[in-house]
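# Turn this into a model:
(2 chains)
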Amino acid sequence: MNRSESWRAAGVVAQEVRFQSFLEANPANLARVKENPEKISKALKSQSRMSIFFSSMILIMLAVLALVASAFDPDFANPEATLAVGFAVYLTLSFVVIFFLNLTTTSGLFTSGAMSLPSILPLTRVELEQLNFMTFVRIFIAPVLLSLIIFPVGCLLIFGPIVAMIALVACASTVSVAIGALIKVSKWFHKKTHQTDESRASAFIRVAASLGIVIGMISIYSIGSYLPDLIRFIISLSSTAGEGFFTILALIFPFSFGFLAASIPYSTVVPLETFLASIAGTAFYAGIALLSFKRSGESLRAITLGGISTSSPGLLKEVEVETRTPLMGMIRKDLQLATRNIGSAFIFAVPIFLVVMLYPMIQYWGEGPMRSITALTALEYANLFGGISLVSVLMFDTQGASIHEGLPVSSKLILRSKTVIMMVPYAFSMIALDVVFLLNAPISAWILLMPIIQIPCGYVLGMTVGAAVFKIRGGGRAVAVNVTNDQAIGIVAGAVAAGVGIVPLVGYGLAMMATGSHIISITVQGLALLLMVLLARFQIPNLLKD
Amino acid sequence: MTAVSIENLVKSFGNLVAVNDVSLEVREGEIYALLGPNGAGKTTTIKMLMGLLDPDSGSAKVFGVDSTENPVEVKNLVGYVPEEQQLYDSLTPRELFNFIASIRKLPQEMITKRMKEFVKALDFEQYYDNMIVTLSLGNKQKTMLIAALLHRPKLLILDEPFSSLDVRSAKIMKDIVKIHTENGGSVLMSTHVMEVAEGLCDRVGIIDEGKLIAEGTLDELRSKSDRVGANLESIFLKLTEQEEEVAEGVSVLREALAD
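Below is the predicted model:
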């Protein structure tokens, strides 16, 4: 099998992997796949397009920001270092984008079973490895291609063909190393998330790893605005360490590529030893990338065909069944699943992320004491994240179709259980915001009551966003969604939550404009919420279907 | 009261009529097998009975409860083992059974005692705390079976229940089905295994291209097909008009394999 045949065959396998992961993502899909296959196929294509769109936007944003900061930053006297560091920062971030955005899909690849079909065909080991690697590449084709195109083209336009060639080699090396790392970490994570060892340490590792990954993903989305500052920070740090520090930096990945590229337009400024160090570093890391490329195929074959050992021998424990109420049983099951699913861990990270994001923003919004408009804006951000976190709770049920098909679970019970889980991080977010407000000297102590009054909104958001998702994706029946391959539903959830959650805040704002009284405004906020809670409690279940 | 009552059920997927005016009854205490070639409409019929698919027309009831109007109550009455095995891969059977027992509001002591018996009978103790993703197909099938039997359902619906079981487990499964009906329960199963249908079931319904073409005891089917003393396989091929097709297929294959 030559490379072009292998590429075509990899397309078929990749399509099957996507289809299987889509079916696995929603228990209802399996039962209903025959009912409207065109709809399933359309949904699959639209989700795939959305993922490509998001990856593309992030990579374009990073490339443009890095190039602009490298070429046009007026603040720095040493442009060669700016270009080298800008180059390195882009490579690091594109590594992280490829790594984090694809980690869940890669873990899913190992369990999809689609890779086992080629293994029964008369292919040699080398051909099989090549097919596996190409399937892997085809699944992640969008970020890989974009990474190989955007930045080198930008370099071509600004710095000329030689820098563009170095950029291409640098991006290809980064992609290769990222894929190698992705396979290794996915393997480790898959093993950790599938081990049955019930020790606290194991559960802690799983949750910590999930949190690290989720926070990493979120950081990438938000790092763009800090990129020029990041470049300046690295250069200042390096400058204070002395001239020779750049030469040492030129030996380290990914700075080697950056300094080699900078040596072309700024050949008169870059010292010879830095130039030589960058050549040595570039050759070394390009070699490692080549090796990583070769080993990835082998590693993939071992994982996808041989599986990953997840067994952990231990003493047999007493056979017993522990029952709870249906609602508590559902919540307990969801929390058990949450510690074993990367995407689900987003729910735990919401309050942390909210504080990390809002604290500098609140300081930026206004000088002097914090006013109620700032609090209202911060609370609306929390509503938005509340909606997204509900979707991440709905991700818990992306397994278990056969169990759901036979269990007497109403859509109402499912919605209530997801809402209860979502309310916990929402309440923590409100408490965290209260602390942030306190640290920013609010104009009135009554402002500190706003997040506390807003806590019941978690119930309203959970019920409305959940019902909206069930209506859109399940025609009113309870469904699971997987944001990693259905990013559109994440946007819908955020929009619904923002739209619903703003109502009591608008009530507060209008009352404030009319009366200028914090007490009256907070009362209006509370009354609006009370009405919304009652509506959510008694009206939303009527929209659902079993 | 009849355990299952299906009347003029119709379901289409685009231009394909998967279930075409099917009517059948499963009596209390009876084992009823739904036989048919692949794609005949067996699983679609069962899914409509479980309330998982909405019929285009007709009705499906379990002990008088309409599957479309009250699917949750239907699932309270039924123990269901679907053909596909999409379990919670990241849970262990222990965690899964805890979840199912909680949802079904089963008393803890009674259910623990019953679970110990199931685990022992099915030789399942060593897998009780292993993550489901690591279980073999047969052990996943056992997990599904225990999950379906946990609440002592009045009706068992088994979709291809013997497809992945080893000899020991298949024998135990057959005995479970028999014991279930001896205790007054009913069973509706779809199967490809003729010997199982022949040896285990009281009545058989043969479904082909979405239509129920024959129904009755083995003797009644023999007389319908004019095959005195014939086994179910022969009756099945006759009634589904596949005898010539199968003979022709075998002949083509013989030539293909000889080349």
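
# how close does B:His151 get to chain A?
Per CB to the nearest CB, to the nearest Å, B:His151 is found 9 Å from chain A. Every residue, glycine included, has its C-beta placed from N, CA and C.

# Count the neighbours of residue 4 for me.
The chain I'm using is chain A. When neighbours are defined as other CB atoms under 10 Å in any protein chain shown, A:Ser4 has 8 of them.

# please go with chain B instead
Neighbours around B:Val4, by other CB under 10 Å: 23.

# Then A:Ser444?
17.

# quick one: it and A:Gly516, what's the gap?
For A:Ser444, the distance to A:Gly516 (CB to CB, to the nearest Å) stands at 11 Å.

# what ranges do the helices span in chain B?
Along chain B, counting by DSSP state H, helices occupy B:42-49, B:71-77, B:93-103, B:108-121, B:137-149, B:167-182, B:194-200, B:218-225, B:232-239, B:243-258.

# Which of those sits closest to A:Ala14?
Closest of the helices of chain B to A:Ala14 is helix B:137-149, at 25.3 Å (criterion: CB to CB).

# And the contacts of the closest one?
For helix B:137-149, contacts defined as CB atoms under 8 Å, 6 or more residues apart in numbering or on different chains pick out A:402-403, A:406, B:79-82, B:85, B:87, B:93, B:96-97, B:100, B:115, B:118-119, B:122, B:124, B:127, B:132, B:135, B:156, B:158, B:161, B:163-166, B:169, B:173, B:176, B:180.

# which among the residues you listed end up buried?
A:402-403, A:406, B:79-82, B:85, B:87, B:93, B:96-97, B:100, B:115, B:118-119, B:122, B:124, B:127, B:132, B:135, B:156, B:158, B:161, B:164-165, B:169, B:173, B:176, B:180 (16 or more other CB atoms under 10 Å in any protein chain shown).

# Let me see the contact set for B:Met189.
Residues near B:Met189 by CB under 8 Å, 6+ apart: B:Ile31, B:Tyr32, B:Ala33, B:Leu34, B:Leu156, B:Ile157, B:Leu158, B:Asp159, B:Pro161, B:Val177, B:Cys201.

# Identify the bridge partners of it.
B:Met189 has these beta-bridge partners by DSSP bridges: B:Ala33, B:Leu158.

# roughly how far apart are it and chain A?
14 Å.

# Now do A:Gly281: how many residues are near it, please.
Using other CB under 10 Å, A:Gly281 has 22 other residues around it.

# From what I see, it and A:Gly258 are in contact.
No. Counting by CB atoms under 8 Å, A:Gly258 is not a contact partner of A:Gly281; they are 9.7 Å apart.

# Which neighbours do the two have in common?
By CB under 8 Å, 6+ apart, no residue touches both A:Gly281 and A:Gly258.

# who's in contact with whichever residue of the stretch 51-200 of chain B sits closest to chain A?
Residue nearest to chain A within the stretch 51-200 of chain B (CB to the nearest CB): B:Ser102, separated by 2.4 Å. By CB under 8 Å, 6+ apart, B:Ser102 lies in contact with A:Thr323, A:Arg324, A:Thr325, A:Pro326, A:Met328, A:Gly329, A:Met330, A:Arg332.

# what's the answer for A:Pro326, then?
With contact set as CB under 8 Å, 6+ apart, A:Pro326 has these partners: A:Val409, A:Leu413, B:Ser102, B:Ile103, B:Lys105.

# Just put the contacts of B:Met189 in TSV and tack on pLDDT.
Converted to TSV, the contacts of B:Met189 look like this (pLDDT from 0 to 100):
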residue	pLDDT
B:Ile31	94
B:Tyr32	95
B:Ala33	93
B:Leu34	92
B:Leu156	94
B:Ile157	94
B:Leu158	92
B:Asp159	89
B:Pro161	82
B:Val177	88
B:Cys201	90
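
# and of the residues you listed, the nearest to A:Ala14?
B:Asp159 (30.6 Å).

# give me the number of residues near that closest one?
Around B:Asp159 sit 23 other residues, with neighbours defined as other CB under 10 Å.

# could you measure it against B:Ile100, distance?
18 Å.

# and what of A:Phe159?
63 Å.

# One more: B:Leu49?
Distance from B:Leu49 to B:Ile100, by CB to CB: 20 Å.

# Kindly report the same for A:Leu384.
36 Å.

# Show the pLDDT at A:Gln47.
Among the per-residue scores, A:Gln47 shows a pLDDT of 66.

# now the one 10 residues further on
Here the pLDDT value assigned to A:Met57 is 78.

# Now for it, how many residues are close by?
The burial count for A:Met57: 13, using other CB under 10 Å.

# Now it: which helix or strand?
Per DSSP states H and E: A:Met57 is located in helix A:37-72.

# mind listing the helices in the stretch 151-300 of chain A by residue range?
Using DSSP state H, counting those that start in this stretch, the helices of the stretch 151-300 of chain A run over A:161-194, A:200-223, A:227-240, A:244-249, A:255-262, A:272-306.

# and these, which one is worst for confidence?
Least confident of the helices of the stretch 151-300 of chain A, judged by mean pLDDT, is helix A:200-223 with a mean of 62.

# closest to chain B among the contacts of B:Ser102?
Nearest member of the contacts of B:Ser102 to chain B, counting by CB to the nearest CB, is A:Gly329, at 2.4 Å.

# Can you give the distance of whatever helix or strand the closest one lives in from its chain's centre?
If you go by DSSP H and E, A:Gly329 is part of helix A:326-338. Centroid separation between helix A:326-338 and its chain, computed with CA atoms, centre = their mean, to the nearest Å, is 24 Å.

# now stretch B:91-101
Here stretch B:91-101 is found 23 Å from its chain centre; the criterion is CA atoms, centre = their mean.

# mind saving the C-alpha coords of that stretch as PDB?
Extracted C-alpha coordinates of stretch B:91-101, given in PDB (Å, rounded to 0.1, in the frame of the first residue of the first chain):
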ATOM      1  CA  LEU B  91     -18.200   2.600  36.100                       C
ATOM      2  CA  THR B  92     -17.700  -0.700  37.700                       C
ATOM      3  CA  PRO B  93     -20.700  -3.200  37.800                       C
ATOM      4  CA  ARG B  94     -20.900  -2.400  41.600                       C
ATOM      5  CA  GLU B  95     -21.400   1.300  40.800                       C
ATOM      6  CA  LEU B  96     -23.800   0.500  38.000                       C
ATOM      7  CA  PHE B  97     -26.000  -1.800  40.100                       C
ATOM      8  CA  ASN B  98     -26.000   0.800  42.900                       C
ATOM      9  CA  PHE B  99     -27.300   3.300  40.400                       C
ATOM     10  CA  ILE B 100     -29.900   1.000  38.900                       C
ATOM     11  CA  ALA B 101     -31.200  -0.100  42.400                       C
END
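
# Show me the contact partners of that stretch.
The contact list for stretch B:91-101 (CB under 8 Å, 6+ apart) reads A:196, A:317, A:319, A:321-324, A:329-330, A:332-333, A:336-337, A:403, A:407, B:87-88, B:108, B:111, B:115, B:124, B:127-132, B:135, B:143, B:146-147, B:150.

# Nearest spatial neighbour of A:Thr523, chain-adjacent residues omitted?
Closest residue to A:Thr523 apart from its sequence neighbours, by CB to CB, 6 or more residues apart in numbering or on different chains: A:Ala511 at 7.7 Å.

# looking at it, the one you found is touching A:Leu527, isn't it?
No. Counting by CB under 8 Å, A:Ala511 stays clear of A:Leu527, with 9.7 Å between them.

# Which one's more surrounded, those two?
Taking other CB under 10 Å, A:Ala511 and A:Leu527 do not tie; A:Ala511 has more neighbours (21 against 13).
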